[in-house]
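Asks: This is the structure alone, sequence omitted:
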Ligand SMILES: [Zn+2]
């Protein structure tokens, strides 16, 4: 590794024979397994608090939508975020970022979407930028003003459409102008945004240089996947309810199918996304935590790998590919991260196992021993 990048890779005898190898400092990981650092391509990093108060309702059988209809769900997080100071939000996110690193993650995507007004959305995106600058992990920022319609626009005639107007005419241009995000995302679903509204938001984003990503076919099948593919989206995420035609469309496209099994696990749902059908059809499958307080309160990519293997029937190799190079592709950073190759960033996770398959095999246990970001050790087990 040199200047934060991988200078050479290969058999020890070959690498040690290089003239630069002589003066290089040696880091012995003593036979442990090294992977490219995980790329967590779907998180809702900035939020004010957990929603543990909803957890028992879910266990008792209330659905995600029933809780949302009672003022819980995303709007609950919006209320908490609007009341929180930027300093408190930043402290919470900083602690989470240290934990991401402790599980072997070196790059995360982060979405806004718990502000849903001009001030609060810009506050979140500003924090993405500050945190990206001030701590070692890379943060890729996504504008998700179209998460749900905020309460103040819900109960007036034409309210939701006026909110879409605020996103399209005011927020998207400002976010793009101030370079606060690279991507624009929409939650296209029952109880969130319609297909037509989603198209409006994603097209406005694209026309300002924000590449589309979509929350698609999670609770119901809306057609968001084919909308995303048609718009050249970087990723369609969730996909629990996809139909054969959607799978075919993804397979023919360069849009990554990002699966979020932590969400189904936390909600106790039986139906996971059809990973096997997607892979067998030739779609590019990615995996991410969907770290958020309502449906997937985990930041552990190893746990996501375990779920991908046991619930989605992906092989450990497929799951690791999905969590590294494919996820990097969905963030348009495949030339920089996601694989251990000469010239790429020296982003690595070192695991206390003898075989890479043991990483998902030991579920709910963190086997990460060391994390390296741009050539620097950012986490070492036992050291704080
Ligand atoms: Zn999400």
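Replies: Okay, I see it. All of these numbers come straight from a predicted model, not from anything done at the bench.
Asks: is it fair to say residue 365 lies in a helix?
Replies: No. Judged by DSSP: H, G, I helix; E, B strand; the rest coil, residue 365 forms no part of a helix; its state is coil.
Asks: so where does the residue nearest to it when sequence neighbours are not counted fall, helix or strand?
Replies: Closest residue in space to residue 365, ignoring its immediate chain neighbours: residue 302 at 7.8 Å, by Cβ to Cβ, 6 or more residues apart in numbering. From N, CA and C alone the C-beta is placed, and that goes for glycine too. Residue 302 belongs to helix 301-310 when elements are defined using DSSP states H and E.
Asks: Can you mark which positions in that helix are buried?
Replies: Neighbour counts over helix 301-310 (16 or more other Cβ atoms under 10 Å) mark 301-309 as buried.
Asks: swap in stretch 37-50?
Replies: Within stretch 37-50, the residues that qualify as buried are 37-48, counting by 16+ other Cβ under 10 Å.
Asks: what do you get for stretch 45-65?
Replies: Buried positions in stretch 45-65, judged by neighbour count with 16+ other Cβ under 10 Å: 45-48, 51, 54, 58, 62, 64.
Asks: so of these, which ones are in helices?
Replies: The helices, defined by DSSP state H, take in 54, 58, 64 from those.
Asks: Using JSON lines, please lay out the residues you listed together with distance to residue 224 and pLDDT.
Replies: Shown next, in JSON lines, are these (distance: Cβ to Cβ, whole Å; pLDDT from 0 to 100):
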{"residue": "54", "distance to residue 224": "25", "pLDDT": "91"}
{"residue": "58", "distance to residue 224": "24", "pLDDT": "89"}
{"residue": "64", "distance to residue 224": "17", "pLDDT": "81"}
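Asks: Would you reformat those residues as CSV and include distance to residue 320?
Replies: Shown next, in CSV, are those (distance: Cβ to Cβ, whole Å):
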residue, distance to residue 320
54, 32
58, 30
64, 29
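Asks: Which one of those residues is nearest to residue 100?
Replies: Closest to residue 100 out of those is residue 54 (23.5 Å), distances taken as Cβ to Cβ.
Asks: Quick one: mean pLDDT over stretch 238-249.
Replies: Averaged across stretch 238-249, pLDDT comes to 98.
Asks: Contacts made by that stretch with the rest, please.
Replies: With Cβ atoms under 8 Å, 6 or more residues apart in numbering as the test, stretch 238-249 has contacts from 215-221, 225-226, 229, 250, 257-260, 263-264, 269, 271-274, 277-278, 281, 283.
Asks: For residue 129, list the residues it contacts.
Replies: Residue 129 sits next to 141, 180 when contact means Cβ under 8 Å, 6+ apart.
Asks: secondary structure class for it?
Replies: Here residue 129 is recorded as helix under three-state DSSP.
Asks: show me where this protein has strands.
Replies: Along the chain, counting by DSSP state E, strands occupy 33-36, 38-40, 105-111, 138-146, 183-187, 211-216, 235-238, 256-259, 284-287, 348-351, 368-373, 376-380.
Asks: separation between the nearest residue to residue 57 once chain neighbours are set aside and residue 294?
Replies: Leaving aside its sequence neighbours, residue 57 sits nearest to residue 67 (Cβ to Cβ, 6+ apart; 5.8 Å). Per Cβ to Cβ, to the nearest Å, residue 67 is found 8 Å from residue 294.
Asks: Which of those two has more residues huddled nearby?
Replies: Taking other Cβ atoms under 10 Å, residue 67 and residue 294 do not tie; residue 294 has more neighbours (25 against 18).
Asks: The more buried one reaches residue 54, doesn't it?
Replies: Yes. If you go by Cβ atoms under 8 Å, residue 294 and residue 54 touch, sitting 7.1 Å apart.
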